[in-house]
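J.: what follows is a predicted structure for the sequence shown.
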Amino acid sequence: MLNVLRRSANSMIIKTLLVLLALSFGIWGVGDYLGNDTRAPLATVGAHEITIQEFTHTYDQELQRMKSMFGGKLDRKTADLLGLKNQTMARLINRHVLLTAVRDMGLTLSPAALTQAIATDPTFHRDGQFDETRYRTLLASSHLTPRDYEAGLASDLTLDQLHQALDQAPGIPDALLTDLYELENEKRSVAVLALDPAQLQARIQATEDALEQFLKDNPAGFMTPLEVKLAYVVLDSDSVRERVTIPQERIEEYYREQIAHYRTPEQRRVRHILVTIEAGHRTEAQALERIREARQRLSEGVSFSAVAKSHSDDVTAGEGGDLGSFGRGAMVPAFEEVAFSLAPGVISEPVKTPFGYHLILVEAIQPAREKPLDEAAEEIRAVLFEELAAEEVYKQSVPLEDQLFDAADLQALAKDLNLRYRETDWLDRGSAKLEGIERQEKFLEAAFDTGKGALSGLLELEGNRFAALRVTDRREPRLQTLAEARAKVEEAYRQRKAGELALAGLQKVLTAVRTGKQAWGPDAGQSIGLALQEDPVKPFTLAEAGAGAPPEEIRRAAFQLSMEAPIFPSVIQEGQRLVLVRLQGIRHPEADGLEQQRAALTRQLEDLLGQERYMLYLAALRNTMKIDIDRERLDRL
């Protein structure tokens, strides 16, 4: 809304609104409005103010990071339930606390170090080299100027220096190393009795009344999804295609700037025969004799391919020694020097490399070539179009946002502004009918948070696209009837009741074996009708994982037991099964193994202690700094 007012201050409608706002200020007072002023800080850290804009930018970054951890299936509401707002604020506060300390200590980053960091960032590379056009385009698409980006990066790199200095822990005592070595290398053996509750499902009576009550008591798993029908418009590069013109002079300028991209170095198609030198199998003299034997056969007219198959030790022998085509830099220097000095059809003398002795045949040469401008023009035009279109799309988003303010008909708006228009059938978040931008989280959030008939604001989406949508119809979630969800309800009911029955039965077995009334073993549950399974388990360490290792729940239980009290006092949930665990034996590690692991264990403890030192330093800094958070405004965001 503020953007609309700023951009449209000269229109009659906006002037009228401004007059009404001025009257409101006069009647109610300025203070009522300042409570929601976006310029007021959300928090202060010493002299630094954390603004809504800074918080929102960092929050969006953290949200994207969390989405990647959840496979993209995480919405904003769920993220906030997981504490993302507080985590973001804590991260910003910690950052500014540390930046204040860095400034106080006089730590700085040299311009050369900053330039090196940017130049070596592959994000800004084209064809393996830093590309300034790509650098500026990517920053522009994120609404960043080079100055702002470089200032933020310099702060990040300076904080990294501080972090690395604090992470360097002092010397590690031998007693601590010994304890860690014992913990990580001690092995334990256990016996496991397991019960799969699925075997008890047949005992469960699923009556109509029981299923109805189960459905009523557990509605969350049997709700229909929230569904919407949408009409929406999309502003993208196709929308501005006719507005973007690319002068021939700009194409020629780009061609000159990126000429290295359009040069193809000389390529040579090569075959070779390799005889390796292998200790205990073939001496260097023997290898040289065999490669000369191959050379003799070639001089007798035997084809290179045939001799490679009979004499070469390389994996290419089956293909007649064919290495394909390659340019300079692909092979070791001694091999490359000969391969790029031979004429086609000429076989080299024996060439020694770290791999052994080679005979080299150049079959063909593709000379170095520079793609002419007329061949590269269309490719360049496409690259420049994407760069210019990104700017034009952003520019056209301004009038689009203005016209959305009172748009009654999105289809007419799409026609006027050359936008893509689409109407959907019923959609839910997991619908297979979602297309393109409909799968983007920001679009989905707007679609399912907007009321029926309402229009979203302008959405800035990935891929340099903007969209706005109207919810034309909406079906709220409802509890399914038993008739609609019978199979699913009955399955869940039987699983729940079988699990409860299995847990109660296994707890009886546990009590019996711990008190000595029942011997440990697969027959321990026979008296109450439970068929237990005794699993063989190999000895394991606490941290051991992967094939053959027991699940973490069993490992943790085993390392809480002693030979004096060997049976774990609780039933353990292990996947779909319930298990009892009994310690069978403890095997301590060999004392002399500590020296072999000393370096790795020392690094591990240094990392742990260094991180602890860093956190203590941060906590001490926070205690000396005045920090205020506007909790009420933060919660409303």
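T.: Looks like it came in fine. Residues are numbered from 1 along each chain as shown.

J.: OK, contacts around residue 485?
T.: Counting by Cβ atoms under 8 Å, 6 or more residues apart in numbering, residue 485 makes contact with 215, 222. Heads up, the C-betas are built off the backbone N, CA and C, glycines and all.

J.: flag the shaky bits of the stretch 301-450 of the chain, pLDDT-wise.
T.: Scanning the stretch 301-450 of the chain for pLDDT under 70 picks out nothing.

J.: which residues of it fall in helices?
T.: Taking DSSP state H, counting those that start in this stretch as the criterion, the stretch 301-450 of the chain contains helices spanning 304-311, 333-339, 373-404, 410-417, 441-449.

J.: tell me which of the ones you listed lies nearest to residue 271.
T.: helix 304-311 (5.6 Å; Cβ to Cβ).

J.: which regions of the protein sit below the pLDDT cut-off?
T.: Filtered on pLDDT under 70, the chain yields the residue ranges 1-39, 72-73, 167-170.

J.: dead centre of it: give me the residue that sits there.
T.: Nearest to the mean C-alpha position of the chain, counting by Cα atoms, centre = their mean, stands residue 68 at 4.3 Å.

J.: what helix or strand is that one located in?
T.: helix 52-69 (DSSP states H and E).

J.: show me what the very next helix or strand once past that helix is packed up against.
T.: Scanning forward in sequence from helix 52-69 by DSSP H and E, the next helix or strand is helix 76-81. For helix 76-81, the packing partners by 3 or more Cβ pairs under 8 Å, 6 or more residues apart in numbering; DSSP states H and E come out as helix 52-69.

J.: the helix it packs on vs helix 441-449, what angle?
T.: Put simply, helix 52-69 runs at 100 degrees to helix 441-449, going by axes from the mean of the first three to the mean of the last three Cα atoms, to 10 degrees.

J.: helix or strand: which one has residue 272?
T.: Per DSSP H and E: strand 267-275 holds residue 272.

J.: off-centre distance for that strand?
T.: 41 Å (Cα atoms, centre = their mean, to the nearest Å).

J.: any buried residues in that strand, and which?
T.: 267, 268, 269, 270, 271, 272, 273, 274, 275 (16 or more other Cβ atoms under 10 Å).

J.: so where do the strands sit in the stretch 501-637 of the chain?
T.: Secondary structure of the stretch 501-637 of the chain (DSSP state E, counting those that start in this stretch): strands at 533-535, 572-574, 577-587, 627-629.

J.: relative to residue 96, how far out is residue 51?
T.: Plainly put, residue 51 is 12 Å away from residue 96 if you go by Cβ to Cβ, to the nearest Å.

J.: looking at the two, which is more packed in?
T.: residue 96 (22 against 15; other Cβ atoms under 10 Å).

J.: now that one. Nearest residue, chain neighbours left out?
T.: Sequence neighbours aside, residue 45 is the residue nearest to residue 96 in space, at 4.1 Å (criterion: Cβ to Cβ, 6 or more residues apart in numbering).

J.: is the one you found bridged to anything, and to what?
T.: Residue 45 forms beta bridges with residue 48, residue 627, as assigned by DSSP bridges.

J.: show the contacting residues for it.
T.: By Cβ under 8 Å, 6+ apart, the contact set of residue 45 is 92, 93, 96, 97, 100, 625, 627.

J.: how about a cut-off of 10 Å?
T.: Residue 45 makes contact with 92-97, 99-100, 622, 625-629 under the criterion Cβ atoms under 10 Å, 6 or more residues apart in numbering.

J.: can you redo those residues as TSV with distance to residue 327?
T.: Shown next, in TSV, are the contacts of residue 45 (distance: Cβ to Cβ, whole Å):
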residue	distance to residue 327
92	49
93	53
94	49
95	46
96	50
97	52
99	47
100	52
622	56
625	57
626	62
627	58
628	61
629	59
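
J.: circling back to that earlier point, which residues do residue 51 and residue 96 both contact?
T.: residue 43.

J.: would you format the helices of the stretch 301-450 of the chain as CSV with distance to residue 606 and mean neighbour count included?
T.: Shown next, in CSV, are those (distance: least, Cβ to Cβ, whole Å; neighbours: other Cβ atoms under 10 Å):
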stretch, distance to residue 606, mean neighbour count
helix 304-311, 53, 18
helix 333-339, 40, 17
helix 373-404, 46, 16
helix 410-417, 60, 15
helix 441-449, 40, 19
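
J.: just put those in JSON lines and tack on distance to residue 488.
T.: Converted to JSON lines, the helices of the stretch 301-450 of the chain look like this (distance: least, Cβ to Cβ, whole Å):
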{"stretch": "helix 304-311", "distance to residue 488": "63"}
{"stretch": "helix 333-339", "distance to residue 488": "66"}
{"stretch": "helix 373-404", "distance to residue 488": "42"}
{"stretch": "helix 410-417", "distance to residue 488": "38"}
{"stretch": "helix 441-449", "distance to residue 488": "23"}
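
J.: nearest to residue 228, of those?
T.: Of all the helices of the stretch 301-450 of the chain, helix 441-449 comes closest under Cβ to Cβ, at 5.6 Å.

J.: so after that closest one, what's the next helix or strand?
T.: Past helix 441-449, the next helix or strand by DSSP H and E is strand 459-461.

J.: before we move on, the earlier item: could you work out which of the helices of the stretch 301-450 of the chain reaches nearest to residue 597?
T.: Between those, helix 333-339 lies closest to residue 597; by Cβ to Cβ that is 39.4 Å.

J.: what residues does that closest one touch?
T.: Counting by Cβ under 10 Å, 6+ apart, 268, 270, 272, 274, 323, 326-331, 348-349, 351-355, 358-362 sit against helix 333-339.

J.: what's the spacing between that helix and its chain's center?
T.: From the chain centre to the centre of helix 333-339 is a distance of 42 Å (Cα atoms, centre = their mean).

J.: for stretch 497-515, same thing?
T.: Using Cα atoms, centre = their mean, the offset of stretch 497-515 from its chain centre is 42 Å.

J.: how about that stretch: buried residues?
T.: 497-499, 501-502, 505-506, 508-510, 512-514.

J.: in a markdown table: the residues you listed, plus distance to residue 316.
T.: Below are these laid out as a markdown table (distance: Cβ to Cβ, whole Å):
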| residue | distance to residue 316 |
| --- | --- |
| 497 | 65 |
| 498 | 60 |
| 499 | 59 |
| 501 | 65 |
| 502 | 60 |
| 505 | 65 |
| 506 | 61 |
| 508 | 68 |
| 509 | 64 |
| 510 | 64 |
| 512 | 68 |
| 513 | 64 |
| 514 | 67 |
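
J.: packing partners of the strand or helix carrying residue 116?
T.: Per DSSP H and E: residue 116 is located in helix 111-119. Packing partners of helix 111-119 (3 or more Cβ pairs under 10 Å, 6 or more residues apart in numbering; DSSP states H and E): strand 129-130, helix 132-141, helix 146-167.

J.: next SSE after that helix?
T.: By DSSP H and E, the next helix or strand past helix 111-119 is strand 125-126.

J.: pull the residues that contact that next one.
T.: Applying Cβ under 10 Å, 6+ apart, the contact partners of strand 125-126 are 119, 131, 132, 133, 134, 135, 258, 260, 261, 383.

J.: I figured the second one was touching residue 261, is that so?
T.: So the one you mean is residue 131. Yes. At 9.1 Å, residue 131 counts as touching residue 261 under the criterion of Cβ atoms under 10 Å.
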